Structures are given as C-alpha cells and as structure tokens.
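Visitor: I'd like to go over a predicted model; first the sequence, then the structure.
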Amino acid sequence: MTTSGAASGPDGAEPVRRPCFVLASASPRRLDLLRQIGLAPDRVLPADLDETPARAEQPRPYVRRMAAEKAAAVAASLTEPALVLGADTVVALGRRILPKAEDRETARACLELLSGRRHTVLTALSVIPSSGWPEGRRAERIVETAVTFSRMTPHQIEALLDQGDWQGKAGGYALQGHAAAFIRFISGSASAVIGLPLFETAQLLRGQPGHWLA
C-alpha cells in the first residue's frame, strides 16, 4: 500500500496532504515488518551515521538518540513533503550495551554473556516530518522487551554460530532465527526484538495528519 497522496478531510473539508513515507534504515527486517501491516515505505533512505555509543552512555539514552539522529538526518535531506521513520535496537545486559556482531568471535562473546540470563531489548522509534510537510508532527517512543535465554553449552553455542544468522545482529542473535530454540521467556513486543514494534509504530503514524492506518 502506498501512503502518498491525499485523504479527504472531515465533512468535505480540504483534503489532507499525505506525504512520502520514508524509512531511514537499510534493515530488511524493518522493511518486511512494515509491509506486514500494509505500510510499505515509498522510499528507503538509510542514514549514514557513526553509531558508536558516547563514553558512559546508557542503553536508553543511546537508542533514543540514534533513532532520532537517523530520522533527523534523512528528514533534513528532503525538501518534498515527507514523513521519516527512524529506528534503532540495542541489546542491553544491565547498563552494558552489547555490540552488533560483525564477526564470529563477537557473536560468541555475546551469546556466552546471554546464556542462562535475562536481558533487555530496547527499540526506539522517531518520526520526523521534512520541512516540506509542516503539518507533520515529531513523535518518538521507546519499547522495552525482556528476553531470557536458557543455559547453553559451548557446543550448543558453536552450533548456533554455525547457522550464521547472528551476522549484523545486536547481541549476536536473531529472534526469528535459530536462537529461538534457546529463548525460554519473552515479555513485551516480539516484533520490537526483530527490529520494529508494530503496535507502537502504527500508533505513531495514526497520530499524524491524514489517513495512515484504519
């Protein structure tokens, strides 16, 4: 479903302009999740930012900052009427932000830390209108989900790493991947752990002028 165009206002009022809907993320998982609820973006424009946490930065301020900076960077590059959605997900063990696993050693270290323990997945959303759509509203949300892994043996961790679906994933695992066989408990939004909390995303978009979702 395309979101650009115009929606009729109440009682025959002037239609509300519906801007271009832009996803500020290269994540195929976020794109698939948006399509799942009928909100395929008109454009996908990943933000090119340094995602290194600041010194002593805590998980919640970090994930909020990253989502906002991604959306703001893309919104600032657009002059057309547009609404930009930025998102960021981190896996936190207490106050510690676990890295995105870009190599097997990092993924192994993350899984060893998570084995048999409860951790938190934080996903932040930020929607920012471009200067070409002054009717739009800035909004943000942070969704927190608790996840508990069963205890894994070294052999099980190595077998999990062999599957390869840890690559590029925060904390070295994907909920929708082979790691699901070791997740004993989850409380909160499963889609947020995958990369985008669908209920909260829909709520933010329903709060914008125009008809975004039924």
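Guide: Sure thing, it's come through. Numbers count the residues shown, from 1 in each chain.

Visitor: show me where pLDDT drops low in this protein?
Guide: Within the chain, the segments meeting pLDDT under 70 span 1-17, 211, 214.

Visitor: kindly recompute the last result at 80.
Guide: Applying pLDDT under 80 to the chain flags residues 1-17, 210-214.

Visitor: mind listing the strands for the protein?
Guide: 5-7, 16-18, 20-23, 43-44, 82-93, 96-98, 118-129, 139-149, 183-187 (DSSP state E).

Visitor: Leu175 touches Ile183, doesn't it?
Guide: Yes: counting by Cβ atoms under 8 Å, Leu175 touches Ile183, with 6.9 Å between them. Bear in mind the C-beta positions are built from the backbone N, C-alpha and C, glycine included.

Visitor: which neighbours do these two share?
Guide: Val147 (Cβ atoms under 8 Å, 6 or more residues apart in numbering).

Visitor: how much space between the closest residue to Leu78 other than its chain neighbours and Leu196?
Guide: The shortest distance from Leu78 to any non-neighbouring residue, by Cβ to Cβ, 6 or more residues apart in numbering, is to Ser130 (4.1 Å). Separation of Ser130 from Leu196 (Cβ to Cβ, to the nearest Å): 21 Å.

Visitor: now the helices for the protein?
Guide: 28-36, 59-76, 104-114, 154-163, 190-194, 198-206 (DSSP state H).

Visitor: what's the most buried one of those helices?
Guide: Mean neighbour counts were taken over the helices of the chain using mean count of other Cβ atoms under 10 Å, and the top value, a mean of 23, falls to helix 190-194.

Visitor: distance between stretch 100-116 and the chain's centre?
Guide: 20 Å (Cα atoms, centre = their mean, to the nearest Å).

Visitor: can you list contacts of it?
Guide: Stretch 100-116 is contacted by residues 91, 93, 98-99, 149-152, 157-158, 160-161, 166-173 when judged by Cβ under 8 Å, 6+ apart.

Visitor: buried among those residues? Make that a PyMOL selection.
Guide: Those of the contacts of stretch 100-116 that count as buried under 16 or more other Cβ atoms under 10 Å are selected in PyMOL with:
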select buried, resi 91+93+98+99+149+152+157+160+161+166+169+170+171+172+173
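
Visitor: follow-up on the earlier one: higher neighbour count, Ser130 and Leu196?
Guide: Leu196 (27 against 21; other Cβ atoms under 10 Å).

Visitor: and that one, how close does it get to Leu111?
Guide: Counting by Cβ to Cβ, the gap from Leu196 to Leu111 is 23 Å.

Visitor: do Ile194 as well
Guide: 18 Å.

Visitor: repeat that for Ala92.
Guide: For Ala92 relative to Leu111 (Cβ to Cβ), the value is 15 Å.

Visitor: also Phe21?
Guide: Phe21 is 36 Å from Leu111, by Cβ to Cβ.

Visitor: and for Leu122?
Guide: Taken as Cβ to Cβ, the span from Leu122 to Leu111 is 19 Å.
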